[in-house]
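Peer 1: The sequence isn't on hand, but the structure is:
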């Protein structure tokens, strides 16, 4: 496990997982804070039947996670491939803590993480360039923390707790060049999050297969006072 629950670089993405799991373990009166930094055993059990009701009943690959230290159980929670965490009671993270997973991550885990100060246009250009440069570090520096959490489950093998680092990028690679054509802000009168700005981005890509014009919608919001990308990936 990580030595503490503070993320200072993109190489500490796993810390997010243990931080959320710790809060869900506390609900069942298990607190492994004193054992951070220790070597533990993680057991995962895929559930044959969903523990959820209503809209969340079809959660993706729900698992029960048991954490042991020297054979003793020190923590337990439920997770899923969609990046949601639950207590063994079946209650969601926000129901039990009063905050969403994203809010908790930003306030408790990534509040000291240093992100670059970029304008929305600079963010979009950097975001596109990462696909050409295959720049893993830059890619996550400018992305929302909720996407960091989802990335832990991206390309995860069945017997892995979370995906391995070399599989995590989630970028479209193989481009030789990307050129920006236009960036236009889009207006949504009923957009659910007033802190999110939506842009329509047109860009040209060139690869060995040839070149083509592309259009994507890019979402930009704010975390800990810094503008970040909320889009799933270009």
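Peer 2: Perfect, I can see it now. In this text the structure is predicted, and so the values were computed from the model without any measurement. Residues are numbered from 1 along each chain as shown.
Peer 1: tell me which residues of stretch 141-160 are tucked away?
Peer 2: 141-154, 156 (16 or more other Cβ atoms under 10 Å). Quick note: C-beta positions are derived from backbone N, CA and C, even for glycine.
Peer 1: Can you give me the first-to-last residue distance of that stretch?
Peer 2: 25 Å (Cα to Cα, to the nearest Å).
Peer 1: Could you do stretch 24-43 as well?
Peer 2: 16 Å.
Peer 1: Quick one: distance of it to the chain centre.
Peer 2: Chain-centre distance of stretch 24-43: 21 Å, with Cα atoms, centre = their mean, to the nearest Å.
Peer 1: What are the buried residues along it?
Peer 2: Quick answer for stretch 24-43 (16+ other Cβ under 10 Å): 24-27, 30, 32, 35-36.
Peer 1: And the residue sitting furthest away from the middle of the chain, how far from residue 177?
Peer 2: Largest separation from the mean C-alpha position in the chain: residue 210, at 32.3 Å (Cα atoms, centre = their mean). According to Cβ to Cβ, to the nearest Å, residue 210 and residue 177 sit 12 Å apart.
Peer 1: doesn't residue 180 make contact with residue 213?
Peer 2: No - here residue 213 lies out of contact with residue 180, judged by Cβ atoms under 8 Å, at a distance of 11.4 Å.
Peer 1: circling back: now render the buried residues of stretch 24-43 as TSV, adding secondary structure and pLDDT.
Peer 2: Formatted as TSV, these follow (DSSP: H, G, I helix; E, B strand; the rest coil; pLDDT from 0 to 100):
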residue	secondary structure	pLDDT
24	helix	97
25	helix	97
26	helix	97
27	helix	95
30	coil	97
32	coil	97
35	helix	97
36	coil	97
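Peer 1: could you dump those residues to TSV with distance to residue 72?
Peer 2: Formatted as TSV, those follow (distance: Cβ to Cβ, whole Å):
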residue	distance to residue 72
24	18
25	13
26	17
27	19
30	10
32	10
35	10
36	16
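Peer 1: Which one of those is nearest to residue 200?
Peer 2: residue 24 (38.6 Å; Cβ to Cβ).
Peer 1: Quick check: closest non-adjacent residue to the closest one.
Peer 2: residue 77 (3.7 Å; Cβ to Cβ, 6 or more residues apart in numbering).
Peer 1: That neighbour: which element?
Peer 2: In the assignment (DSSP states H and E), residue 77 maps to strand 72-79.
Peer 1: Strand partners (parallel or antiparallel) of that strand?
Peer 2: strand 63-69 (antiparallel), strand 85-86 (antiparallel) (DSSP bridges).
Peer 1: to the chain's geometric centre, what's the distance from it?
Peer 2: That offset, for strand 72-79, works out to 21 Å (Cα atoms, centre = their mean).
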